[in-house]
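Peer 1: sequence below, structure please.
(chains A and B)
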Protein chains: 2
Amino acid sequence: MKAKPDCIVCVFRQALDSVKHATKSKKKHLMVMRKTARWIANASLNRTPANLSRKLYQIVYHVTAVKDPYRKIKETSNKVAMQILPTMEKKVQKSKDPLKSALKLAAGGNIIDMGVGVKFNITKDIPTIFNYKFAIDDTERLRKELKPGKKILYLGDNAGEIVFDIPLIKEFIRKGVKVVFAVKSGPIINDATIADARVAGLTKITTVIETGSNDIGIGWDKVSKQFLNEVKTADIIISKGHGNYETCDERPENFYFLLKCKCHIVAESLHINVGDIVFAHKTRLHK
Amino acid sequence: MKAKPDCIVCVFRQALDSVKHATKSKKKHLMVMRKTARWIANASLNRTPANLSRKLYQIVYHVTAVKDPYRKIKETSNKVAMQILPTMEKKVQKSKDPLKSALKLAAGGNIIDMGVGVKFNITKDIPTIFNYKFAIDDTERLRKELKPGKKILYLGDNAGEIVFDIPLIKEFIRKGVKVVFAVKSGPIINDATIADARVAGLTKITTVIETGSNDIGIGWDKVSKQFLNEVKTADIIISKGHGNYETCDERPENFYFLLKCKCHIVAESLHINVGDIVFAHKTRLHK
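Peer 2: Numbering: from 1, shown residues only, chains lettered A, B, ... in the order given. Presented below is the predicted three-dimensional model:
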């Protein structure tokens, strides 16, 4: 999807939030805002919102030399998520439809997003997700595709969030489906890296690979050959969150998008409301 | 008070909101955002937030040629406010302390602010204001000053909001205090002009003057001699809302600030929380 003028407001909000996490220096806060403005003045919107935002995180890094401003938040998110995972996993297992419940939990985990400017409380918010209904629900379509020997490429999103992907991945594995889980190759916002996947215990459950870049979502011109090979050989690709949706919605592969909608631009694009959860096969998009 | 890097995010949010109210042209939306970015890249923050924001509204005007993007909203605000005024006025009159209740109602009216990006619903929100306590409360100080023959200069804020200033102004007049009510000399955001004061019925109750400029808050270098004369001769000045606070907090006159706080920069400045109402004498500031 393409960025809109609204995304420019979001760019400045992200720039401020990110530099505040990187340093207390007010001079540097202002420097980042000014450099971002200088760049935005001539930036093309003929790109994804994810790609538009990418640059500001580079500016924050150039100004502050802090490579991972959200490191502490990522650590806390993993920790808190792992504390409530056992309870959430039991809820999934005891539910009437564990596949759908696991999909909901994974969508719920998508609140843990430092890029969108929406406050979250993991302990309070996550358990409420089982009361939600998917605004777009392609669970039945997926269910039919889940046959032994099939392979799912799972595009992970944020630290903490990936903990809540575990019950869903276990559901897939239980059905004889192979899962390859992809994380970013370096820090960007609070996106999960291989270190987070290790902490979350994902590496013990399934194969975890890196995308080859630390773009927001998938930077298709920068990903590794290994990652591209996984994309080509996957029967199903599950894409978590805003960034992956923004950068994969026009791909030809068999994509399902799983997210909690946190901004009106993504909401408009999917014809849903901010706050909704969706599990949408790619055929539902651009209609 | 001085602008902070946070105000830059607000500048872009206001630019987008204002240009969207002015035109549906997405080209012009983007043009405004880019021009705002070009300007912000070199703008000094050694000025008030109100003064910083002023420029973006000029950019919207230059790009769209729409002089008053919030005209319809101002008309609706006046209309809806006038519908509930009789009920609100009765509540004030029947309360134990009509002066304090009238101050609260006037502070409550300050939700009607299109500059701060906080949604409001006049009919639902205003009646709840009587349950609030002032986070800073200088009612008793004011009460002592309200003596027959004294003169209050009342710096009005937004269309619709000025309707809820009426019971307070009537309280002053009942106590033999003379009131001069100031509005903007031209459209800026949804600030009240002389046309709004007429619609609201303020011109029938008291003297209404114009500031001489259409700055956000008070542009002290641009106001008229008549306005400056009223400032000099007033015994008490009551300043409504964010813009007036931001531009009057360092003035030497006998200022009282009456507002509902809608942003964290004003909240920090007053050592209060977003959402609080305040009625603060100038001696309470900068401590």
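Peer 1: next, the buried residues of the strand or helix carrying residue A:227.
Peer 2: In the assignment (DSSP states H and E), residue A:227 maps to helix A:225-233. When neighbours are counted by 16 or more other Cβ atoms under 10 Å in any protein chain shown, the buried residues of helix A:225-233 are found to be A:227, A:230-231. Where C-beta positions appear, they are placed from N, C-alpha and C, glycine not excepted.
Peer 1: adding distance to residue A:286, write these out as JSON lines.
Peer 2: Output for the buried residues of helix A:225-233, formatted as JSON lines (distance: Cβ to Cβ, whole Å):
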{"residue": "A:227", "distance to residue A:286": "25"}
{"residue": "A:230", "distance to residue A:286": "25"}
{"residue": "A:231", "distance to residue A:286": "20"}
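Peer 1: packing partners for the helix holding residue A:227?
Peer 2: Counting contacts by 3 or more Cβ pairs under 8 Å, 6 or more residues apart in numbering or on different chains; DSSP states H and E, helix A:225-233 packs against strand A:151-155, strand A:178-183, strand A:207-210.
Peer 1: next one: that helix to chain centre, how far?
Peer 2: Chain-centre distance of helix A:225-233: 19 Å, with Cα atoms, centre = their mean, to the nearest Å.
Peer 1: which parts of the stretch 101-250 of chain A sit against chain B?
Peer 2: Proximity of the stretch 101-250 of chain A to chain B, by Cβ under 8 Å from any Cβ of the partner chain, involves no residues.
Peer 1: in the stretch 101-250 of chain A, what residue lies closest to chain B?
Peer 2: Taking Cβ to the nearest Cβ as the measure, the stretch 101-250 of chain A has residue A:117 as its residue closest to chain B, at 9.3 Å.
Peer 1: secondary structure class for that residue?
Peer 2: In three-state terms, and counting by DSSP: H, G, I helix; E, B strand; the rest coil, residue A:117 is coil.
Peer 1: can you give me the distance of it to residue B:214?
Peer 2: 31 Å (Cβ to Cβ, to the nearest Å).
Peer 1: which one's more surrounded, these two?
Peer 2: Legend: neighbour count by other Cβ atoms under 10 Å in any protein chain shown for residue A:117 and residue B:214, higher for residue B:214 (20 against 15).
Peer 1: ok, the closest residue to that one other than its chain neighbours - contacts?
Peer 2: Leaving aside its sequence neighbours, residue B:214 sits nearest to residue B:186 (Cβ to Cβ, 6 or more residues apart in numbering or on different chains; 3.5 Å). Shown in contact with residue B:186 (Cβ atoms under 8 Å, 6 or more residues apart in numbering or on different chains): B:67, B:193, B:213-214.
Peer 1: circling back: the residue nearest to the residue of the stretch 101-250 of chain A closest to chain B when sequence neighbours are not counted: neighbouring residues, count only.
Peer 2: Once flanking residues are discounted, residue A:117 sits nearest to residue A:13: 5.2 Å by Cβ to Cβ, 6+ apart. Residues lying near residue A:13 (other Cβ under 10 Å) number 20.
Peer 1: got it, and residue A:204?
Peer 2: Counted with other Cβ under 10 Å, residues neighbouring residue A:204 total 9.
Peer 1: before we move on, which element is it in?
Peer 2: Per DSSP H and E: residue A:204 is located in helix A:202-205.
Peer 1: and what of residue A:33?
Peer 2: Take DSSP H and E as the rule and residue A:33 turns out to sit in helix A:26-40.
Peer 1: what about that helix, near chain B?
Peer 2: Yes - using Cβ under 8 Å from any Cβ, we find that helix A:26-40 touches chain B at A:26, A:29-30, A:32-34, A:37-38, A:40.
Peer 1: where do the helices sit along chain A?
Peer 2: A:5-22, A:26-40, A:49-64, A:71-94, A:98-109, A:122-125, A:139-145, A:166-174, A:194-200, A:202-205, A:225-233, A:241-248, A:264-270 (DSSP state H).
Peer 1: tell me which residues of stretch A:112-127 are tucked away?
Peer 2: Applying 16+ other Cβ under 10 Å to stretch A:112-127 flags A:112-116, A:120, A:122, A:126 as buried.
Peer 1: span of it from start to end?
Peer 2: In stretch A:112-127, first residue to last residue: 13 Å (Cα to Cα, to the nearest Å).
Peer 1: and what of stretch A:91-111?
Peer 2: Its first and final residues considered, stretch A:91-111 spans 19 Å by Cα to Cα.
Peer 1: how far does that stretch sit from its chain's centre?
Peer 2: How far stretch A:91-111 lies from its chain's middle: 17 Å, per Cα atoms, centre = their mean.
Peer 1: contacts for it, please.
Peer 2: With contact meaning Cβ under 8 Å, 6+ apart, stretch A:91-111 is reached by A:81, A:88, A:118, A:120, A:122, A:125-130, A:132, A:134, A:139, A:142-143, A:146, A:157-158, A:160-165, A:167-168, A:170-171, A:240-241, A:258-260, A:262, A:277-279.
Peer 1: do stretch A:187-201 as well
Peer 2: When contacts are defined by Cβ under 8 Å, 6+ apart, stretch A:187-201 is touched by residues A:14, A:18, A:54, A:57, A:67-68, A:70-71, A:73-75, A:77-78, A:81-82, A:112-115, A:156-163, A:166, A:181, A:183-186, A:203, A:208, A:210, A:214-216, A:243.
Peer 1: now swap in stretch A:50-69 and tell me
Peer 2: With Cβ under 8 Å, 6+ apart, stretch A:50-69 has contacts from A:3, A:7-8, A:10-11, A:14-15, A:18-19, A:21-23, A:25, A:28, A:31-32, A:35-36, A:39, A:43, A:45, A:74, A:115, A:186-189, A:215-217, A:219, A:242-243, A:246-247.
Peer 1: with stretch A:113-129 instead?
Peer 2: For stretch A:113-129, the external contacting residues (Cβ under 8 Å, 6+ apart) are A:10, A:13-14, A:17, A:53, A:70, A:73, A:77, A:80-81, A:83-84, A:87-88, A:91, A:104-105, A:107-109, A:111-112, A:157-158, A:160-161, A:164, A:189-190, A:216, A:241-243, A:262-263, A:277.
Peer 1: buried subset of these as a PyMOL selection?
Peer 2: A single PyMOL command selects the buried members of the contacts of stretch A:113-129 (16+ other Cβ under 10 Å):
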select buried, chain A and resi 10+13+14+17+53+70+73+77+80+81+88+91+104+105+107+108+109+111+112+157+158+160+161+164+189+190+216+241+242+243+262+263+277
